[in-house]
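>>> fold the following and give me the result.
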Amino acid sequence: MLQIVIPAYNEQDRLPRTLRELRRHVLRCRPVTGPVEVVVVDNASTDATAALAAAADSPALPVRVVHCATPGKGAAVRAGIGATDAPVVGFMDADGATRLDAIDEAWRRLALGADVAIGSRSATGSWTEARHSWLRAGGARAYRHCTARIVPGVADTQCGFKLMRGDLGRSLFADLAATGFAFDVELLALARVRGARVEEIPVVWTDVPGSTFDPLRHGLGSFAELAAIAWRVRSARAVQPAVPPILQPVLQPAFTSVATDYPFAVEA
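Numbers count the residues shown, from 1 in each chain. All right, here's what the predicted structure looks like:
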């Protein structure tokens with residue numbers, strides 16, 4: 001079984017379309033992934049996000065709504081992952097910016113031995129369509145420079161699509177302290193500390209208008225959060241926790257999928 005977490009803050013305009021597209025995709029690809037459930041995390045929305053998510057529940061694609069009062073995308077995803085119990089879990093953005101065949105390719109990578117498969121707009125074969133200001137572009141470059149020091153070798157930490165072993169994901173999120181847009185960096189850094197195999201996969205990614213990330217309001221906080229993450233990761237490395245046992249997944253390696261800017265450009 002696969003459980004996908006979608007964090008949502010005032011997403012009544014974008015979330016219903018994403019859930020419809022996800023249901024269509026699941027109906028086509030269920031023989032490969034098995035049953036799929038969506039966990040929508042209502043992050044203290046003031047609009048009809050929760051009601052619309054609940055209304056999208058169907059036998060073809062069960063949708064469960066979890067409420068998270070703590071503000072921040074990281075807090076919302078943590079609450080969602082904590083509510084899962086599947087052998088494979090992941091998360092994606094409410095805007096549906098990443099084309100859904102990324103699910104198929106990520107599933108294939110896990111079946112072949114990866115512990116974490118992440119969408120990467122920097123991977124060979126990726127295609128992106130973005131409309132960004134010079135402020136976002138400049139912030140993205142500076143952000144990449146910082147993340148490269150915390151998670152070396154991972155070119156794109158911020159694409160909003162990631163799949164992972166369920167046991168590993170729940171363990172990582174239980175120890176995650178970051179609550180904001182930078183949580184992906186801490187997640188991947190902790191995964192590396194624990195010896196997990198992280199693989200980037202190419203994606204087709206389209207910028208969808210309506211992002212709640214504002215570089216003027218959130219930019220400084222994201223860099224401050226990165227500094228805190230770097231300190232926590234250094235402490236985690238010093239402890240040197242045991243490498244988790246490798247899950248032998250009962251996944252069916254099947255088909256492949258078709259297989260650049262940062263939270264300033266992409267966070268929902």
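
>>> now do Ala102 against Cys159, distance only.
From Ala102 across to Cys159, the span is 9 Å (C-beta to C-beta, to the nearest Å). Placement of C-beta: from N, CA and C, glycine included.

>>> between the two, what contacts are shared?
Taking C-beta atoms under 8 Å, 6 or more residues apart in numbering as the criterion, Ala102 and Cys159 both touch 119, 203.

>>> correct me if wrong: Ala189 contacts Pro152.
No: applying C-beta atoms under 8 Å, one finds Ala189 not in contact with Pro152, separated by 9.6 Å.

>>> which of those two has more residues huddled nearby?
Ala189 (25 against 9; other C-beta atoms under 10 Å).

>>> shouldn't the more buried one be within a helix?
Yes: assessed by DSSP: H, G, I helix; E, B strand; the rest coil, Ala189 belongs to a helix.

>>> okay, now the closest residue to it other than its chain neighbours: neighbour count?
Counting by C-beta to C-beta, 6 or more residues apart in numbering, Val233 is the residue found nearest to Ala189 once chain neighbours are left out, at 4.4 Å. Close neighbours of Val233, defined as other C-beta under 10 Å, add up to 19.

>>> I'd assumed Val233 was in a helix, is it?
Yes: counting by three-state DSSP, Val233 is located in a helix.

>>> quick check: which element contains Ala53?
Using DSSP states H and E, Ala53 sits within helix 49-55.

>>> likewise for Leu27?
Counting by DSSP H and E, Leu27 is found in helix 15-33.

>>> which residues in the stretch 101-250 of the chain form helices?
For the stretch 101-250 of the chain, helices defined by DSSP state H, counting those that start in this stretch occupy the ranges 101-111, 134-150, 166-174, 183-193, 215-239.

>>> return the most buried member of the ones you listed.
Stretch with highest mean neighbour count among those: helix 183-193 (a mean of 25; mean count of other C-beta atoms under 10 Å).

>>> what angle separates that one from helix 166-174?
Taking axes from the mean of the first three to the mean of the last three C-alpha atoms, to 10 degrees, one finds that helix 183-193 is oriented at 120 degrees with respect to helix 166-174.

>>> other SSEs contacting helix 183-193?
helix 73-82, strand 116-120, helix 134-150, strand 162-165, helix 166-174, strand 198-202, helix 215-239 (3 or more C-beta pairs under 8 Å, 6 or more residues apart in numbering; DSSP states H and E).

>>> who's in contact with it?
So helix 183-193 is in contact with 72-74, 77-78, 115-116, 118, 147, 150-151, 154, 157-158, 162, 164, 168, 172-173, 175-178, 198, 226, 229, 232-233, 236-237, 241, going by C-beta under 8 Å, 6+ apart.

>>> try it again with 7 Å
Under the contact criterion C-beta atoms under 7 Å, 6 or more residues apart in numbering, helix 183-193 has outside partners 73-74, 77, 115-116, 147, 150-151, 154, 157-158, 172, 175-178, 198, 226, 229, 232-233, 236-237, 241.
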